[in-house]
Each structure stands twice: as C-alpha cells, then as structure tokens.
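J.: Give me a model of this one.
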Amino acid sequence: MSSPAQFRNHESALDSSRTASLHLGGGREGCAEARNFTRRTLGGWSLDHCADDALTVVTELASNAVLHGLPPLPADHLTDHFDVRLRLTLRRSHLMCAVTDPSDSPPLYPPPGDDLLEHGRGLYIVETLSEHWGWTRRSPVGKTVWAMLPTRTSTT
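T.: Numbers count the residues shown, from 1 in each chain. This next block holds a predicted model:
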C-alpha cells in the first residue's frame, strides 16, 4: 500500500507489479497528470492496445472528481483529507481504473432524452467504453468511481 507521504508529494506509487496509484492535483493539471501516468503505466504493462479507451475513461473519471468531488477551496488550501487519487489495477483480463474523491455525492448519470447536453455525458462515455462501471462509498467520507476495461484484444 502507498504511504500517505507519497500522495502528499504527488509521487506515483507502484504498489505491486499489478497496481499503480497517483495523487492528482486539482484542475487541468490533475487530468494531464492522470493521462500521462496512465500512458506510462499501460506501456510498462504492455497494454498499449488499451491506451485509447483507458485514457478516455481515466480523463472522464479524473475530471469528474476534480470538478465535482473537491470542495470549493483554492488548491493550496486542499489537504490530504481533500485529495483525489487514481488507482490502476491489472487483473487477469481487465484493467480496473478507479478514482477516489472526498465527496459523498453519488456520480450523476445524464437522464435519458438529454442528447443535446453540452456537459454531463462523461459517465455515458465511461459506460460505453467499459465492460462494467460503478461506484463505492468510502469510510468515513468520499467515494470511488471505477470502470473495468477488457485487456484482451478482440478477434473478429
């Protein structure tokens, strides 16, 4: 397991050969960090063929967490209690992408029939690209939103 100090220092942590995690900064920087970290991690796991879908899913999950999961405080006032973390886990035939934030509010899925929305379609994209997705409450506060992507190449 990663130490809290690694998260505070924005250092990535290779928890095992099959799990990697990263503390994300707020704003656009955090999303860029998430994409770069995901690209490097997938390259190290020889999963470059999964990169496009994984980068899109991670970007959507990280964006939602940074935009909606953090309290409205300046970035220099956010503490470890208000952090966003990305965790990538390689399973037998899936890549698990999970983002944890301090908000207790459930993720919002766009209601049916709102096809012309400019915003709020991120979880629809996550659902489309993943085999499974969901969210879990954290104790004492927060939630983790996750998506499982297949790692095997399809044979058609």
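
J.: hey, where'd the helices end up in the protein?
T.: 4-8, 27-44, 51-68, 122-129 (DSSP state H).

J.: of these, which approaches Arg85 most closely?
T.: Arg85 lies closest to helix 4-8 among these, at 6.4 Å (Cβ to Cβ). No exception for glycine: its C-beta is placed from N, CA and C like everyone else's.

J.: What mean pLDDT does the closest one get?
T.: Mean pLDDT, helix 4-8: 36.

J.: low-scoring stretches of this protein, by residue?
T.: For the chain, the stretches with pLDDT under 70 are 1-16, 27, 70-82, 109-120, 154-156.

J.: Can you tell me the centre-most residue of it?
T.: In the chain, the residue lying closest to the centroid (Cα atoms, centre = their mean) is Val99, at 3.5 Å.

J.: Might you report the residue contacts of it?
T.: Val99 makes contact with 24, 34, 58, 61-62, 64-65, 84-87, 144-146 under the criterion Cβ atoms under 8 Å, 6 or more residues apart in numbering.

J.: residues near Trp133, how many?
T.: Counted with other Cβ atoms under 10 Å, the neighbours of Trp133 add up to 20.

J.: Wait, it touches Glu127, no?
T.: Yes: using Cβ atoms under 8 Å, Trp133 is in contact with Glu127, at 5.7 Å.

J.: I'd like the distance from stretch 45-63 to the chain centre, please.
T.: Remark: stretch 45-63 is offset 9 Å from the chain centroid, using Cα atoms, centre = their mean, to the nearest Å.

J.: Contacts for it, please.
T.: By Cβ under 8 Å, 6+ apart, the list of residues contacting stretch 45-63 reads 18, 24, 30-31, 34-35, 38-39, 42-43, 84, 86, 88, 90, 95, 97-99, 122-123, 125-126, 129-130, 145-147, 149-151, 153.

J.: Quick one, which of the residues you listed are buried?
T.: 24, 30-31, 34-35, 38, 42, 84, 86, 88, 90, 95, 97-99, 122-123, 126, 129-130, 145-147, 149, 151 (16 or more other Cβ atoms under 10 Å).

J.: Excluding chain neighbours, give the residue nearest to Gly69 in space.
T.: Sequence neighbours aside, Asp101 is the residue nearest to Gly69 in space, at 2.8 Å (criterion: Cβ to Cβ, 6 or more residues apart in numbering).
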